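J.: for reference, the sequence and a predicted model appear below.
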Amino acid sequence: MELASKLLLLLLLSCGTAWEIGALEEGGGGAAAAAATTAAEAGGGGGRGIVVEDEDVVVMYDSAVFNGSLGLVGEERVSLSAVRRRRRSKEEYLRLFVEETQWYNDLVLGLWMPSRWRDKMPHTLQTFLRNYVAGLVVYFMSGALWCWYVYKLKGHHFFPNGGIPAKEPVLMQIRVSMQAMPAYVALPTLSEFMVEQGWTRCFPRIEEVGWPAYLGLIITYLVIVEFGIYWIHRELHDIKPLYKLLHAPHHIYNKQDTLSPFAGLAFHPLDGILQASPHVVALFLIPTHFFTHEIMLFMEGVWTTNIHDCIDGRVWGIMGAGFHTIHHTTYRHNYGHYTIFMDWLFGTLREPHGRKAAHAKSS
Ligand SMILES: [Zn+2]
Ligand SMILES: [Zn+2]
């Protein structure tokens, strides 16, 4: 066996990483016991050690001093070829994520960037650019279509008494969003990088867990996101310096005629990243289907468009614009994101005007 690769592996093993992936073999232990005895004879104080038994097997042992003499308290035999096999299959597994993100990069960047340029770029830079383009498309398409529908096509229905925002606040929201966009798209770029490195619990194919487990995991993911965004948003209000520094720029739009679908991403960059961060935290907590995570992250652009149009959709349990407009005017209610359940649970829910009366009438 080449000495260099053996030393590298021993280094990994001593860092503890290969404890997890090492294939253990039963029996033996004479080498470790002999090593412990040798250490005792030499007057050592115990600890962790490694003995190379033969070409393929190393023995990792722990020793300790009892009543003045050194004894062996534990050992683990590791097959180096098994470690290599397991490591190779992990690399192959992670390559699936890289192939997937490269496919997205080629799809989005290939539309306008020659491949000879793309090929010279590091993979993560391509990913950042692709996310940037995707972020722009999601923001402008959803904002423009939403505005066209609610103001132009259905304006007389949704705003019979006026209240359609003027051009100035909308342009300001677009400017603030554009300033923050490079920082926003750094978040999915970071999450993709971490997924590709194998640091998260992401999996690439739904078949790996099956549809029932997949649906259960998505619900859990959404609960984590809902809980995380609720508390981050609430603390951005409760901790006054944070509010002043980060969250206040989003709250200058506090009337129906200043809020618009384009306010959905009009945040201080750090505010936007903080509020989206539960999507990334979830990847470390539960197994998450990678593509679904990507969709969830980008759907935020559509969802935030929806909750800033000031139109009360009246869908039970959903934190629609009726609730979020109240948040923009009272500052103390309706911190939730997709649903009203966190506000209900933590006592900050306030229903839109007329809801209670309507319930009373119908009951
Ligand atoms: Zn707020
Ligand atoms: Zn808002």
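T.: Arrived safely, thanks for sending. Numbering: from 1, shown residues only. Ligands and ions are numbered 1, 2, ... in the order given.

J.: how about the strands of the stretch 1-150 of the chain, start to end?
T.: 47-52, 57-66, 69-79 (DSSP state E, counting those that start in this stretch).

J.: name the stretch among those strands that sits most buried.
T.: strand 57-66 (a mean of 18; mean count of other C-beta atoms under 10 Å). Every residue, glycine included, has its C-beta placed from N, CA and C.

J.: partners of it, with directions?
T.: strand 47-52 (antiparallel), strand 69-79 (antiparallel) (DSSP bridges).

J.: could I get the ones you listed as JSON lines with distance to residue 189 and mean pLDDT?
T.: Below are the strands paired with strand 57-66 laid out as JSON lines (distance: least, C-beta to C-beta, whole Å; pLDDT from 0 to 100):
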{"stretch": "strand 47-52", "distance to residue 189": "38", "mean pLDDT": "80"}
{"stretch": "strand 69-79", "distance to residue 189": "36", "mean pLDDT": "81"}
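
J.: follow-up on the earlier one: turn the strands of the stretch 1-150 of the chain into CSV, including distance to residue 199.
T.: What follows is the strands of the stretch 1-150 of the chain, written out as CSV (distance: least, C-beta to C-beta, whole Å):
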stretch, distance to residue 199
strand 47-52, 25
strand 57-66, 24
strand 69-79, 23
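
J.: of all those, which lies closest to residue 236?
T.: With C-beta to C-beta as the measure, strand 47-52 is the member of the strands of the stretch 1-150 of the chain nearest residue 236 (45.4 Å).

J.: check the offset of that closest one from the chain's centre.
T.: 39 Å (C-alpha atoms, centre = their mean, to the nearest Å).

J.: do stretch 218-235 as well
T.: Stretch 218-235 sits 11 Å away from the centroid of its parent chain (C-alpha atoms, centre = their mean).

J.: quick one: low-confidence ranges for the stretch 101-250 of the chain?
T.: For the stretch 101-250 of the chain, no stretch is flagged by pLDDT under 70.

J.: which parts of it are helices?
T.: Here the stretch 101-250 of the chain has its helices, by DSSP state H, counting those that start in this stretch, at 115-120, 123-147, 155-158, 167-197, 211-238, 240-242.

J.: residue 304 contacts residue 264, doesn't it?
T.: Yes. Under the criterion of C-beta atoms under 8 Å, residue 304 makes contact with residue 264 at 3.2 Å.

J.: in stretch 294-314, what counts as buried?
T.: Under the neighbour-count criterion of 16 or more other C-beta atoms under 10 Å, stretch 294-314 has 294, 296-298, 300-312 buried.

J.: strands - which of these land there?
T.: With DSSP state E as the criterion, strands contain none of the buried residues of stretch 294-314.

J.: run a quick neighbour tally on residue 289.
T.: 20 (other C-beta atoms under 10 Å).

J.: mind listing the residues bridging to it?
T.: Beta-bridge pairing for residue 289 (DSSP bridges): residue 203.

J.: how far away is the closest residue to residue 62 other than its chain neighbours from residue 297?
T.: Leaving aside its chain neighbours, residue 62 sits nearest to residue 74 (4.4 Å; criterion: C-beta to C-beta, 6 or more residues apart in numbering). When distance is defined by C-beta to C-beta, to the nearest Å, residue 74 is 44 Å away from residue 297.

J.: what does residue 213 give?
T.: Applying C-beta to C-beta to residue 213 and residue 297 gives a distance of 21 Å.

J.: same question for residue 168.
T.: Applying C-beta to C-beta, the value for residue 168 to residue 297 is 30 Å.

J.: helix/strand/coil for residue 315?
T.: coil (DSSP: H, G, I helix; E, B strand; the rest coil).

J.: so how many other residues sit close to it?
T.: Neighbours of residue 315 (other C-beta under 10 Å): 10.

J.: same check on residue 218?
T.: Residue 218 has 16 neighbours, counted by other C-beta under 10 Å.

J.: that one reaches residue 292, doesn't it?
T.: Yes. Counting by C-beta under 8 Å, residue 218 does reach residue 292; the two are 6.3 Å apart.

J.: residues in contact with residue 123?
T.: Residue 123 makes contact with 98, 101-102, 105, according to C-beta atoms under 8 Å, 6 or more residues apart in numbering.

J.: give me the distance between it and residue 66.
T.: Here the criterion is C-beta to C-beta. By it, residue 123 lies 53 Å from residue 66.

J.: same question for residue 324.
T.: 65 Å.

J.: what's the helix or strand for residue 322?
T.: Per DSSP states H and E: residue 322 is located in helix 321-330.

J.: got the angle for that helix vs helix 211-238?
T.: Interaxial angle of helix 321-330 relative to helix 211-238 (axes from the mean of the first three to the mean of the last three C-alpha atoms, to 10 degrees): 20 degrees.

J.: buried set for helix 321-330?
T.: Across helix 321-330, burial judged by 16+ other C-beta under 10 Å covers 321-328.

J.: which of those residues lies closest to residue 200?
T.: residue 324 (30.1 Å).

J.: quick check: chain neighbours aside, which residue is closest to the spatially most central residue of the chain?
T.: For the chain, residue 280 is the residue whose C-alpha lies nearest the centre (C-alpha atoms, centre = their mean; 1.2 Å). Here the nearest residue to residue 280 in space, its sequence neighbours aside, is residue 191; by C-beta to C-beta, 6+ apart that works out to 4.7 Å.
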